[in-house]
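Asker: the following comprises the amino acid sequence and a computationally predicted model.
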Amino acid sequence: MGTLLFEFALTCYFAAAIIGMVDLIRGSKDASKLTVWITAVGFILHTAAIIYRYLSAGQVPITSMHESASFFAWCIALLYLVTHFRYRIGILGSFILPLIFLMMLASAMLPREIKPLSPALQSSWLLIHTVFAFLGFAAFTVAFGVGIMYLLQEHYLKTKKLSGLFLRLPNIQVLDEINYRMITLGFPLLTLAIITGALWAEDAWGSYWRWDPKETWSLITWFIYAMVLHIRLVVGWRGKRAALLSVLGFVAVLFTFFGVNFLLKSVHIFE
């Protein structure tokens, strides 16, 4: 049952991503609305799949690469839907849904067996730490998508191509605001993830910080977004520069999540 729910959610995200890409090229209000509602259905099915796996495993389903990639996609979908209904930007899905689908596709390609938790993971910190981390990363993912939208809109303004996609993208002030709000949401969440992770590490291994690759890259990501906020608030960098920095930050997010797990040796590596 859980597998079927996951596959149906994956199918919905795929359909929504395809419709979103078609909408990006051709432009249609009906397509934009359809994208949102298909995503909402996929999100509900995805939620049911996560709950079913939790009930089946008897443990929080965020301890393997399959589960963590799935939960990451779920967090992105949640923030995408919240952002859409807050700002009513139909074309937003064209930039976010492909990321959700690719994350779900990666999850689908990874081993799905349920394994018992290692002693270090048998802690109440597990849920607290990982939820903060994944929601923070999801906020940065939405900021990345909005940053790409900003760069496109800024390009159209600069080249004076004031037609086509330009007319369907929000104005750059709105995009800059959303980018800023997502980063100001993600940064404190990542901060809390690092703090709770340190407390968990002290409880499990007797040390708050061990310079493990996952810890190090999480800290690097934190510094990047701290720099983004500092430069924006103190130096006054906004707009294009802020959008470019959010793209850079997202590269760090991807490496922290995927790169460390596949390329480096870490006690945080998912199986």
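Answerer: Okay, I see it.
Asker: contacts only, for residue 164.
Answerer: residue 27 (Cβ atoms under 8 Å, 6 or more residues apart in numbering). Heads up, the C-betas are built off the backbone N, CA and C, glycines and all.
Asker: the helix or strand residue 215 falls within packs against which elements?
Answerer: Using DSSP states H and E, residue 215 maps to helix 213-230. Helix 213-230 sits against helix 125-159, helix 172-205, helix 239-254, helix 260-263, with contacts defined as 3 or more Cβ pairs under 8 Å, 6 or more residues apart in numbering; DSSP states H and E.
Asker: output these in CSV, with mean pLDDT appended to each entry.
Answerer: Shown next, in CSV, are the helices and strands packed on helix 213-230 (pLDDT from 0 to 100):
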stretch, mean pLDDT
helix 125-159, 91
helix 172-205, 89
helix 239-254, 86
helix 260-263, 71
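Asker: most tightly surrounded among the ones you listed?
Answerer: Sort the helices and strands packed on helix 213-230 by mean neighbour count, taking mean count of other Cβ atoms under 10 Å, and helix 125-159 sits at the top with a mean of 21.
Asker: follow the chain on from that one and name the next helix or strand.
Answerer: Next helix or strand after helix 125-159 toward the C-terminus (DSSP H and E): helix 165-168.
Asker: mind giving me the packing neighbours of that following helix?
Answerer: helix 125-159.
Asker: how far off helix 239-254 does the helix it packs on point, in degrees?
Answerer: Helix 125-159 runs at 150 degrees relative to helix 239-254, counting by axes from the mean of the first three to the mean of the last three Cα atoms, to 10 degrees.
Asker: can you list the domain ranges for this structure.
Answerer: Domains of the chain are assigned by automatic domain parsing as 1-113, 125-271.
Asker: quote the end-to-end distance of the shortest one.
Answerer: Counting by Cα to Cα, to the nearest Å, the length from the leading to the trailing residue of domain 1-113 is 14 Å.
Asker: then stretch 253-262?
Answerer: 14 Å.
Asker: and that stretch, how far from the chain's centre?
Answerer: How far stretch 253-262 lies from its chain's middle: 13 Å, per Cα atoms, centre = their mean, to the nearest Å.
Asker: so how far is residue 240 from the residue lying closest to residue 137 once chain neighbours are set aside?
Answerer: Once flanking residues are discounted, residue 137 sits nearest to residue 253: 5.2 Å by Cβ to Cβ, 6 or more residues apart in numbering. Computed with Cβ to Cβ, to the nearest Å, the distance linking residue 253 and residue 240 is 20 Å.
Asker: before we move on, what about residue 136?
Answerer: 24 Å.
Asker: kindly report the same for residue 198.
Answerer: With Cβ to Cβ as the criterion, residue 198 and residue 240 are 35 Å apart.
Asker: now do residue 40
Answerer: 32 Å.
Asker: residue most distant from the centroid, this structure?
Answerer: Relative to the centre of the chain, and counting by Cα atoms, centre = their mean, the farthest-placed residue is residue 160 at 32.5 Å.
Asker: can you give me the pLDDT of that one?
Answerer: pLDDT, residue 160: 77.
Asker: export stretch 214-225 to CSV, keeping only CA atoms.
Answerer: Provided in CSV are the C-alpha atoms of stretch 214-225 (Å, rounded to 0.1, in the frame of the first residue of the first chain):
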residue,chain,number,x,y,z
LYS,A,214,28.1,16.6,7.0
GLU,A,215,28.6,18.9,9.9
THR,A,216,31.2,20.9,8.0
TRP,A,217,29.1,21.3,4.9
SER,A,218,26.1,22.2,6.9
LEU,A,219,28.2,24.9,8.5
ILE,A,220,29.5,26.1,5.1
THR,A,221,25.9,26.3,3.8
TRP,A,222,24.9,28.2,7.0
PHE,A,223,27.8,30.7,6.4
ILE,A,224,26.7,31.2,2.8
TYR,A,225,23.2,32.2,3.8
